[in-house]
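1. need a structure here:
(one chain, ligands or ions: 1)
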Amino acid sequence: MLSRVEGRFYEQAGWESVSCRLCPHHCSIAPSRSGACGVRTNRGGNLYLDLYGRLSHREPVYSDDLPLYHFKPGESWLQVGSRGCTMRCPFCNTWKHSQVAGSLAPPVSPEQIVEQAVAGRLSGISFGVNEPVHLHEFVYDTFVAAKQAGLHTHMATSGLWSEAPIREMAPVLDAVTVGLKGLNESFYQAELGGELPTVLEAITLLHALDVHLELTWLVIPGCTDKQGEAVALMDFLSRLGTAPPIILVPYEPSFTWSNEGNAATLEHLKAFRAHFKDYGNSVYEAHEDSAENNTRCMKCGRTLVRRGMARLVITSVPHTGRPKSECPTCGTPVPYRI
Ligand code: SF4
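-> Next up is the predicted model:
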């Protein structure tokens, strides 16, 4: 089983160097060196993905934990992760996967991952835990096999992702969750190692290509919880003509930012959530099992997905248990994909 394949989306440059075009970093990579993600390497003037099929994480999770709130709520997915990242967030809470060159499981094929999902009666396959964009060839091959098996596909990404690979991935990608860390360009540049405008361009393109879109927003008290940024996000989305679910994620000190006093409390989340009061019913608080996290009908407010229990309870057709596609009270289509 190969664990190294030639990468796509690169150009050869002079002196045997290569230019990777997979993400907006456009790394210029000298022979025997790797790009900023640490897993795409120049070998003899060609660019290779070093970790094809090499995983650090593979386990079933519920859709809310991907997170994915408005696409097949309550179903279980096989979540898959590996090493490396295109960003350097100092507070990364999965840094042991994204930033550390630790041990990996023996290589697996896309078909083996699909077999595991099918055998476990899981709804689909999700690449997350670490950034999946730089694992493009393996993610793409896995999603092609997943679609052939009738499974759904999802990626959780920071959104540092160039146009051509997005266009290649979109036909086999059902849903994506883009992780925003505020909307402050200088914060992105100075602290996270990424360019915010390129993230917004990726979101725009994913929406245009009809990939189901959800957003997370990391709430860092005093940093990413400003009303102006919430307003700017709603303005951006309204110009885009969409209102995806926004899942507020509480900041917890981690990695190199370890100041315990700066953790986001429930009160921080609720205060920030209040800035979205005109956004409708699609703002959630990650990991929160209260009634405020229920999904309600956009028109009459009836609860359609109830959280706060061991499992989600979804309004379903009596006797069959299948989710209803319309609100039982007013007949408005439910705001999520069933
Ligand atoms: S995917 Fe990796 S090597 Fe390619 S441009 Fe991005 S960080 Fe650089």
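2. any idea how far the residue in the stretch 151-300 of the chain positioned nearest to the ligand lies from T94?
-> Minimum separation of the stretch 151-300 of the chain from the ligand (Cβ to the nearest ligand atom) falls at L160, amounting to 7.1 Å. (C-beta placed from N, C-alpha, C; glycine too.) Counting by Cβ to Cβ, to the nearest Å, the separation of L160 from T94 is 16 Å.
3. who has more neighbours out of those two?
-> More crowded of L160 and T94, by other Cβ atoms under 10 Å: L160, with 27 against 18.
4. how about the contacts made by that one?
-> Taking Cβ atoms under 8 Å, 6 or more residues apart in numbering, we find L160 in contact with C23, P24, H25, T86, M87, E131, V133, G194, E195, T198, V199, A202.
5. how close does the fourth one sit to the ligand?
-> Separation of T86 from the ligand (Cβ to the nearest ligand atom, to the nearest Å): 4 Å.
6. and for that residue, the neighbour number?
-> 27.
7. touching, it and L135? I think so.
-> No. Between T86 and L135 there is no contact under Cβ atoms under 8 Å: 10.6 Å.
8. sec struct for H154, please.
-> strand (DSSP: H, G, I helix; E, B strand; the rest coil).
9. find the nearest non-adjacent residue to it, please.
-> S126 (4.0 Å; Cβ to Cβ, 6 or more residues apart in numbering).
10. from what I see, that neighbour and A146 are in contact.
-> No. Using Cβ under 8 Å, S126 makes no contact with A146, being 10.1 Å away.
11. anything in contact with each of those two?
-> T153.
12. more neighbours: those two, which one.
-> S126 (28 against 24).
13. ok, now which ones touch the more buried one?
-> V61, L66, L68, W77, L78, Q79, V80, T153, H154, M155, A156.
14. for the last one, name its beta-bridge partners.
-> This points to A156. T177 (DSSP bridges).
15. surely it and L213 touch.
-> No. With contact defined as Cβ under 8 Å, A156 does not count as touching L213 (12.0 Å).
16. which neighbours do the two have in common?
-> Common neighbours of A156 and L213 are listed as V176 (criterion: Cβ under 8 Å, 6+ apart).
17. contacts only, for the residue nearest the centre of the chain.
-> In the chain, the C-alpha nearest the mean C-alpha coordinate belongs to A156, at 1.5 Å (Cα atoms, centre = their mean). For A156, the contacting residues are L66, P67, S126, F127, G128, V129, P132, V176, T177, G179, by Cβ under 8 Å, 6+ apart.
18. again, but for Y336
-> By Cβ under 8 Å, 6+ apart, the residues touching Y336 are Y69, H70, F71, K72, P73, T295, L304, V305.
19. for the residue lying closest to the fifth one once chain neighbours are set aside, give the beta-bridge partners.
-> Computed as Cβ to Cβ, 6+ apart, the closest residue to P73 that is not its neighbour in sequence is V305, at 5.1 Å. The bridge-partner assignment for V305, based on DSSP bridges, gives T295, I314.
20. follow-up on the earlier one: most surrounded residue in the contacts of S126?
-> Top of the contacts of S126 by neighbour number is L68, holding 30 neighbours under the definition other Cβ under 10 Å.
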